[in-house]
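> The following block contains a protein sequence and its predicted model.
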Amino acid sequence: MVDSDLETKLRVYMLITNRYKDLIAEKEDRSISEIRQRVSPYNNEFLKSLKERLLRDMKFYEYNKDFFTAMQRALNYIREIHNFEFLITFWMSFEEIDQIKAADIMDKAILFAALLRSFDSQDARVYVTKSKRVFVGFNWNKMPYLVDIRSGSLIGGPDADNAFIKDPLAYVFSDLHFESFEDE
């Protein structure tokens, strides 16, 4: 009986969502500036507490010494968040992602990039290809790295440099940077 109640509730929620998806999408619409601002490591108390949680045993975090370890911890955290595709445009807060442990790929990418920025990476950016694949990239010790957010895999060096040959970039952003390749 419980399973059929849950299934019925799910069907009703789907009906409601489908009926009002245009209104929801309108309310969830964000400007490029608003989306970029989500990557900022400043003025987000949850992000600060998550950073502290991930680095709790590093008493004196130093970017030059500890960044890669911090990045790996953030990547492990992101890997624990289930990929979820929404039928409508819907943005989740970092707190909601943490509580539910599920998010769409873009929200996960923004959270991961924000964490890297909070670890003092000035060049952490979200990369979106023309086929809508989403990566987060950064440089460490003069080597480029990309994280495929869907799979959680880390790509480094020449593989990261060549990642966009077959699937070119549509745009790249962070709180400090935006570049569009849509007209190319």
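Here it is on my side, so go on.

> lowest average confidence, helix or strand, in this structure?
Lowest on mean pLDDT, DSSP states H and E among the helices and strands of the chain sits helix 21-28, with a mean of 64.

> ok, then the element right after it?
Using DSSP states H and E, the helix or strand that follows helix 21-28 in sequence is helix 32-37.

> Please identify the buried residues of that following helix?
35, 36, 37 (16 or more other C-beta atoms under 10 Å). For glycine as for every other residue, the C-beta is placed from the backbone atoms N, C-alpha and C.

> cool, and stretch 120-138?
121, 124-129, 133-138.

> for the record, mean pLDDT for that stretch?
For stretch 120-138, mean pLDDT is 96.

> Over to stretch 64-76?
97.

> In CSV, list the C-alpha atoms belonging to it.
Extracted C-alpha coordinates of stretch 64-76, given in CSV (Å, rounded to 0.1, in the frame of the first residue of the first chain):
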residue,chain,number,x,y,z
ASN,A,64,50.5,26.3,-2.8
LYS,A,65,50.8,23.3,-0.6
ASP,A,66,47.2,22.1,0.0
PHE,A,67,45.1,23.0,-3.0
PHE,A,68,45.3,19.6,-4.8
THR,A,69,44.3,17.7,-1.7
ALA,A,70,41.5,20.1,-1.0
MET,A,71,40.3,19.8,-4.7
GLN,A,72,40.3,16.0,-4.4
ARG,A,73,38.2,16.2,-1.2
ALA,A,74,35.7,18.5,-3.0
LEU,A,75,35.7,16.1,-6.0
ASN,A,76,34.9,13.2,-3.7
